[in-house]
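Q: no sequence for this one, just the structure:
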Ligand code: ATP
Ligand code: MG
């Protein structure tokens, strides 16, 4: 056991609801401790999420950016080059942010999907995270986290679906899903 301060790698994965929400909760906790939080949302873009406006209350201490366009066709040959270009740009910004010294916590929301859809090589993410500045916390979200990322992470949580309103045909609700 050690009480030394250090930056952690966290992963929120699994099929149940709450991966992004839990990352935002951690961001809230961090910003309340005077830390600076950057949240980059891979693939997201077309929906307007309430949290985009909410974090503005924190000024530059919590910045959230949508790096995609919200709808991605899945499948190797069918993947639109434009979506791959956007994932590439998101990753480049993420990598620079982690190493910049400007942020205490960097949240890579939905990055696991970008990796799962073969839009981003997990080895590049592993390599960057292994070299990250010691004090930076990094949180990765999305289903089916790559085993190589689970391997290097410090804390991995798998959300398990017990039930979800969607199964009753209830669509996404304001304040709950967006
Ligand atoms: P949230 O953003 O609510 O924390 P999440 O990050 O765990 O959800 P994602 O895989 O990113 O889940 O999917 C986001 C959207 O899909 C949300 O609108 C969420 O409610 C919905 N969703 C998540 N899990 C399920 C599920 N098990 N069945 C149906 N819809 C789901
Ligand atoms: Mg999510």
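A: Looks like it arrived, so ask away. Just so you know, these numbers come straight off a predicted model, no measurement behind them. Ligands and ions are numbered 1, 2, ... in the order given.

Q: wait, doesn't residue 38 sit right on residue 101?
A: No. Using CB atoms under 8 Å, residue 38 is not in contact with residue 101, being 12.0 Å away. Just so you know, the C-beta spots here come from the backbone N, C-alpha and C atoms, and that holds for glycine as well.

Q: so where's this structure uncertain?
A: 74-77 (pLDDT under 70).

Q: any idea what sits nearest the residue nearest the centre of it, other than its immediate chain neighbours?
A: Taking CA atoms, centre = their mean, the centroid of the chain lies closest to residue 109, which sits 1.7 Å from it. Closest residue in space to residue 109, ignoring its immediate chain neighbours: residue 41 at 4.4 Å, by CB to CB, 6 or more residues apart in numbering.

Q: Now the one you found: phi and psi?
A: phi -100, psi 110 (degrees, to the nearest 10).

Q: Now do it: how many residues are near it, please.
A: Neighbour count of residue 41, defined by other CB atoms under 10 Å: 23.

Q: Residue numbers of this structure in contact with ligand 2?
A: Residues of the chain lying near ligand 2 by CB under 5 Å from the ion: 19, 20.

Q: Any chance you could list what contacts the top helix by length along the chain?
A: Taking DSSP state H as the criterion, the chain has its longest helix at helix 81-100. Under the contact criterion CB atoms under 8 Å, 6 or more residues apart in numbering, helix 81-100 has outside partners 38, 40, 42-43, 65, 67-69, 72-73, 103, 106, 108, 111, 114, 119-120, 124-125, 128-129, 132-133, 136, 138.

Q: Looking at the residues you listed, which are in helices?
A: 111, 114, 124, 125, 128, 129.

Q: any chance of those in CSV, with neighbour count and distance to ligand 1 too?
A: Converted to CSV, the ones in helices among the contacts of helix 81-100 look like this (neighbours: other CB atoms under 10 Å; distance: CB to the nearest ligand atom, whole Å):
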residue, neighbour count, distance to ligand 1
111, 31, 11
114, 26, 12
124, 12, 22
125, 24, 18
128, 16, 22
129, 18, 20
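
Q: Looking at those residues, which is nearest residue 171?
A: Of all those, residue 171 sits closest to residue 114, with 24.7 Å by CB to CB.

Q: re earlier: how close does the residue nearest to the centre of the chain sit to residue 129?
A: As judged by CB to CB, to the nearest Å, residue 109 and residue 129 stand 16 Å apart.
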